[in-house]
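K.L.:
Quick one: sequence and predicted model below, then my questions.
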2 protein chains.
Amino acid sequence: MSWATFVNNLLSGLLDVSRGNQASPTRELADQLRTLIATGRLEPGQRLPSSRAMARALSISRNTVSLVVEQLAAEGYLSTAHNRRPVVATGACLARGKIKRYAQSQPSRIRLSEWAQYLPQSAWPPAYAARPRAFQPGLADEREFPHDIWGRCLRRSAGSALRKKHRVHNVPELQAALLAHLMESRGIKARSEQILVVPSAQAAIALIAKIIVEPDDIVWIESPGYGGAFAGLQSAGAQVVGMPIDADGMTIARGRAAPRLIFVTPSHQYPTGLLMTVARRLELLEFANSSGATIIEDDYDGEFHYDGRPVAALAGLGLHDQTIYVGTFSKAMTADVRIGYVVVPEGLMRPFALAQRHLGLLVPVALQAALADFMASGHYRSHVRKMTRLYRERRDRLVESLATHVGNRLHVCVPAGGMQLLARGDAALEDVELAGRLERAGVTTLPLSEMIYHRSRERGLFMGFAAWNDREIEEGARIIGRLLR
Amino acid sequence: MSWATFVNNLLSGLLDVSRGNQASPTRELADQLRTLIATGRLEPGQRLPSSRAMARALSISRNTVSLVVEQLAAEGYLSTAHNRRPVVATGACLARGKIKRYAQSQPSRIRLSEWAQYLPQSAWPPAYAARPRAFQPGLADEREFPHDIWGRCLRRSAGSALRKKHRVHNVPELQAALLAHLMESRGIKARSEQILVVPSAQAAIALIAKIIVEPDDIVWIESPGYGGAFAGLQSAGAQVVGMPIDADGMTIARGRAAPRLIFVTPSHQYPTGLLMTVARRLELLEFANSSGATIIEDDYDGEFHYDGRPVAALAGLGLHDQTIYVGTFSKAMTADVRIGYVVVPEGLMRPFALAQRHLGLLVPVALQAALADFMASGHYRSHVRKMTRLYRERRDRLVESLATHVGNRLHVCVPAGGMQLLARGDAALEDVELAGRLERAGVTTLPLSEMIYHRSRERGLFMGFAAWNDREIEEGARIIGRLLR
């Protein structure tokens, strides 16, 4: 390509630094020249025009052109010498025959792993939508959260955490504050080092599965149950099997192949809100002991218990050393705090800590320190206390409003705690279709049939009450009543 | 068990609420009673003493006893009736024969997955120790970081992020700020939605592997190379193979079984600091295109380039649609910021977003918003600019000090950028042993032989220079010189 041809090409749009409008002229010119060289449209040995000529042809400053030439020379695309026009370097061009392939390439050429291909099939309903509204389950009322105090804790820790040389993955002060809290409210006994702090309870579940489950191992979850657990356990290749819920909690299928792992939510079963009875707790522990299964106890919203104090955790009974306790701050604080934790058995601290690092499941030290501060100074406890009162009122309000507007079309299971309730319908209720109509009418609910992991005709609506005020609850119940009639 | 026996048992230490000293008397008594009931030492139907009698026997307040009884009744361990002493509930006891098992159980009874069992073998040297000191690699100088400004950004965003209804996993403002930065400094072209924000670059690597790699797929990494990548890729079951480095960068073994994934650090190869030449970049892209391999480009410390501007990323060349770009803020800000990111191909946005959620790889919205603020207001850029000047001086200082104190016993590869350098020794250098002696003498280095993933006699020391001032660098080099003589 001669100089004349090259300048012609410039002018005919081969190079056009105003085209993108996205980056600076410097960046645009550098990118375009690089591509022309790499794809062989500018051949090795080809001499470029002078910076002045290029600048004129492209209506940009000569300085810009000089900068770009310098940059491409540093990267090895051009050779420069004092007072000579730059030359396209050898070896900076792809083999000729290959060029067509790149042009044909499609964004989707990457082959996914089998797991990734089936991801959409285990997607569970989002914990929150772009604009949450009654009765989106799983949401705390963030309007009531002391953002200013939390912001101060964050600011304080941002400066001081590193100076304290907290070069650890799990901050000891947070582990200690958490342990004190878990001992007092759940009866958990552990050494504080057994608590790993991870970005979410979901990460904790996936982490445990990865450490314990071999592909095709059987894992039990409750049915109806938590889709996030299903997805997290399946990520390790587990064959996830749903165990029906009865009045005592998850049923135990003794005759069937033994599970490696059992996932339960004994404080307030998700989604029924049932407290697992002592008898079933003991049966479960005994079964796990005799079958060698490990239990994951997910205490996702165990902070909020309305009738009596929060119940002691399974992991606190000291009867089974294979119960792994998982918790989160996203219910008691805000969905955004993104701190989950797992109390790992003493004998497994090292593999868990290694796995936490290998998978990058780390929470900023400053954030952990801020939370330790928030807990130690009593703000956490007083916020939970305040919200417990408020959420109990809201639970009662939702039960009442549903009684008024929906009557016996739905059977409400009043939960002893937590942030949501299940209203069951009969087997003929088209709950998915109903939830869709409700969504369009301005009310968010989750259909029970999408939370079922065994053969069952259970139907109903799952509703959060914690994040909504009296007016919103009343209004939402009214809409449900209208659409059910 | 009669009441008299029971009270005797109390007195003989079966119940002792002062024993633990860890929890409150209420908690202690509740836990101990629960265990006595669950293990059958208190039988179903057994009537407990009155609260007054128990309080007296245990030297605690009657109020405490009443509270505990109420709590255990709520949990189902006791039955209570007005004016009657509480009774141990039926079904609150494990079957008799089982009790011994629990007592014998060991903390290590949980069987680990094969991956978890071999974790220690793929553990790479920690990015930072409890008390970092020269020449710990991978560390930014956090003494120079504007903690106050960052703290203000955090505080501001803590309150406002949620009010803005940022109910997303990846905050659009951060995606936009990041994209603008990546376009300008790396030539990355993408839509901002293609950027996923995850807790660390390590999480990004493990995530990509999980999405693309099938167990036993072959994956290439550079050798010497980054242990974190080895571990992250192996977590998906990949067979990780090391490809030797030559002067151009990672070599490409065309004759061998084709890899599914290729992990490279083209900006400053880890640990040699080499810039991958244009010729090798094109060869790599061409090979990946023809073999169908996906490339992970880890630009871990690409911000800091000393001789010329940072080099355009592989992913910015627009020649291969299967290059996935990974970055982190832990080098340019502080190791603790815990924000990594991945620019995913346009066609894979949905599986990546699903996988991010399934594995819980989320970063607090407030933290993302603070970072967006920090970038948009120019603080990020000016900090990087300041540190680039400083780190270049420190690189030069370390090269100089090593020349003075170590002379030709080690051959220093002067890196064009980054935060660390490699000093090679001859094949007889016992680098692991030397690094151990240096550690005891107060200097941290990583032995090159622990970063090798192919058969090789390469030996040397890998040293970080970014986080240490002139005095610390001089002192460290002096110690190395002394121990090498």
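P.N.:
Thanks, I have it. Numbers count the residues shown, from 1 in each chain, chains lettered A, B, ... in the order given.
K.L.:
residues making contact with stretch A:239-249?
P.N.:
Stretch A:239-249 is contacted by residues A:216-225, A:230, A:233-234, A:250-253, A:256, A:259, A:264, A:266, A:269, A:272, A:274-277, A:279-281, A:284, A:452-454, A:456 when judged by CB atoms under 8 Å, 6 or more residues apart in numbering or on different chains. In this view, the C-beta of every residue, glycine as well, is placed from N, C-alpha and C.
K.L.:
Would you write a PyMOL line that selects the buried entries of those residues?
P.N.:
To isolate the buried ones among those in PyMOL, judged by 16 or more other CB atoms under 10 Å in any protein chain shown, type:
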select buried, chain A and resi 217+218+219+220+221+222+223+224+225+230+233+234+250+251+252+259+264+266+269+272+274+275+276+277+279+280+281+284+452+453+454
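K.L.:
now the strands for the stretch 351-485 of chain A?
P.N.:
Assigned by DSSP state E, counting those that start in this stretch, the strands in the stretch 351-485 of chain A fall at A:411-413, A:420-425, A:446-447, A:459-464.
K.L.:
So which of those strands has the densest surroundings on average?
P.N.:
Looking across the strands of the stretch 351-485 of chain A with neighbours counted as mean count of other CB atoms under 10 Å in any protein chain shown, the highest average goes to strand A:459-464: a mean of 26.
K.L.:
Other residues contacting it?
P.N.:
Outside strand A:459-464, the residues within contact range by CB under 8 Å, 6+ apart are A:134-139, A:271, A:398, A:410-411, A:419-431, A:434-435, A:438, A:445-449, A:451, A:476, A:480.
K.L.:
Quick check: can you name the pairing partners of it and their directions?
P.N.:
Strand A:459-464 has these partner strands in its sheet, going by DSSP bridges: strand A:420-425 (antiparallel), strand A:446-447 (antiparallel).
K.L.:
Pipe those strands into a markdown table and attach mean pLDDT per row.
P.N.:
A markdown table is the format used below for the strands paired with strand A:459-464 (pLDDT from 0 to 100):
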| stretch | mean pLDDT |
| --- | --- |
| strand A:420-425 | 96 |
| strand A:446-447 | 94 |
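K.L.:
can you list those in JSON lines and add distance to B:Ser377?
P.N.:
Shown next, in JSON lines, are the strands paired with strand A:459-464 (distance: least, CB to CB, whole Å):
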{"stretch": "strand A:420-425", "distance to B:Ser377": "40"}
{"stretch": "strand A:446-447", "distance to B:Ser377": "40"}
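K.L.:
Quickly note the distance from A:Glu393 to A:Ala140.
P.N.:
Between A:Glu393 and A:Ala140 the computed distance is 15 Å (CB to CB, to the nearest Å).
K.L.:
ditto for A:Val414
P.N.:
Here the distance between A:Val414 and A:Ala140 works out to 20 Å (CB to CB).
K.L.:
For A:Ala231, give me its contacts.
P.N.:
Counted by CB under 8 Å, 6+ apart, A:Ala231 has contacts A:Ser122, A:Ala123, A:Trp124, A:Gln202, B:Arg357, B:His358.
K.L.:
how about 6 Å then?
P.N.:
A:Ser122, A:Trp124, B:His358 (CB atoms under 6 Å, 6 or more residues apart in numbering or on different chains).
K.L.:
and if you look at A:Ala403?
P.N.:
By CB under 6 Å, 6+ apart, the contact list for A:Ala403 is empty.
K.L.:
Would you mind confirming that A:His320 is in contact with A:Leu284?
P.N.:
No. Applying CB atoms under 6 Å as the test, A:His320 and A:Leu284 come out as separate, 8.6 Å apart.
K.L.:
Provide the secondary structure category for A:Gly242.
P.N.:
Here A:Gly242 is recorded as strand under DSSP: H, G, I helix; E, B strand; the rest coil.
K.L.:
Chain neighbours aside, what residue packs nearest to it?
P.N.:
A:Tyr453 (2.5 Å; CB to CB, 6 or more residues apart in numbering or on different chains).
K.L.:
thinking again about what came up before, settle it for me: which of A:Val414 and A:Ala140 has more neighbours?
P.N.:
Neighbour totals were compared for A:Val414 and A:Ala140, and A:Ala140 leads with 25 against 13 (other CB atoms under 10 Å in any protein chain shown).
K.L.:
what separates the more buried one from chain B, distance-wise?
P.N.:
11 Å (CB to the nearest CB, to the nearest Å).
K.L.:
Now do that residue, the pLDDT please.
P.N.:
Here the pLDDT value assigned to A:Ala140 is 90.
K.L.:
Same question for it, what's its three-state structure.
P.N.:
coil.
K.L.:
who's in contact with it?
P.N.:
A:Ala140 sits in contact with A:Lys331, A:Thr334, A:Ala466, where contact means CB under 6 Å, 6+ apart.
K.L.:
re earlier: nearest approach to A:Asp31 belongs to which of the strands of the stretch 351-485 of chain A?
P.N.:
Closest to A:Asp31 of the strands of the stretch 351-485 of chain A, according to CB to CB: strand A:446-447, at 46.9 Å.
K.L.:
Give me the contacts around the closest one.
P.N.:
So strand A:446-447 is contacted by A:Pro125, A:Pro137, A:Asp431, A:Val432, A:Ala435, A:Phe462 (CB under 6 Å, 6+ apart).
K.L.:
Report how many residues lie close to the residue nearest to A:Ala477 when sequence neighbours are not counted.
P.N.:
Nearest residue to A:Ala477, sequence neighbours excluded (CB to CB, 6+ apart): A:Ser401, at 3.5 Å. Counted with other CB under 10 Å, residues neighbouring A:Ser401 total 20.
K.L.:
What residues of the longest helix anywhere in chain A count as buried?
P.N.:
Determined from DSSP state H, the single longest helix within chain A is helix A:379-405. Neighbour counts over helix A:379-405 (16+ other CB under 10 Å) mark A:379-381, A:383-384, A:387-388, A:391-392, A:394-395, A:397-399, A:401-402, A:405 as buried.
K.L.:
With stretch A:478-485 instead?
P.N.:
Of all the residues in stretch A:478-485, those buried under the rule 16+ other CB under 10 Å are A:Ile479, A:Ile480, A:Gly481, A:Leu484.
K.L.:
And stretch A:147-166, by the same measure?
P.N.:
So stretch A:147-166, judged by 16+ other CB under 10 Å, has buried residues A:147, A:149-159, A:161-162, A:166.
K.L.:
Now the element after the helix or strand of chain A with the lowest mean pLDDT, going C-ward?
P.N.:
The helix or strand of chain A with the poorest confidence is helix A:99-104; it has a mean of 37 (mean pLDDT, DSSP states H and E). Using DSSP states H and E, the helix or strand that directly follows helix A:99-104 along the chain is helix A:114-117.
K.L.:
Report all helices and strands that that following helix contacts.
P.N.:
Using 3 or more CB pairs under 6 Å, 6 or more residues apart in numbering or on different chains; DSSP states H and E, no helix or strand is in contact with helix A:114-117.
K.L.:
From the chain's centroid, how far away is it?
P.N.:
18 Å (CA atoms, centre = their mean, to the nearest Å).
K.L.:
wait, what's in contact with A:Thr328?
P.N.:
Per CB under 6 Å, 6+ apart, neighbours of A:Thr328: A:Ala201, A:Tyr300, A:Gly340.
K.L.:
give me phi/psi at the closest residue to chain B within the stretch 351-485 of chain A?
P.N.:
Distances between the stretch 351-485 of chain A and chain B by CB to the nearest CB are smallest at A:Gly360, namely 3.1 Å. Backbone torsions of A:Gly360, given as degrees, to the nearest 10, read phi 70, psi 30.
K.L.:
give me the number of residues near it?
P.N.:
27.
K.L.:
Specify the beta-bridge partners of A:Val241.
P.N.:
Assigned bridge partners for A:Val241, using DSSP bridges, are A:Trp220.
K.L.:
distance of it from A:Val219?
P.N.:
7 Å.
K.L.:
A:Glu400 too?
P.N.:
Taking CB to CB, one finds A:Glu400 at 39 Å from A:Val219.
K.L.:
repeat for A:Arg111
P.N.:
27 Å.
K.L.:
List, one by one, the residues from the stretch 251-400 of chain A near chain B.
P.N.:
For the stretch 251-400 of chain A, the contact set with chain B under CB under 6 Å from any CB of the partner chain comprises A:277-279, A:282, A:286, A:289, A:294, A:308-309, A:311, A:319, A:321-322, A:336, A:338, A:345-347, A:351, A:354, A:358-360, A:362, A:364-366.
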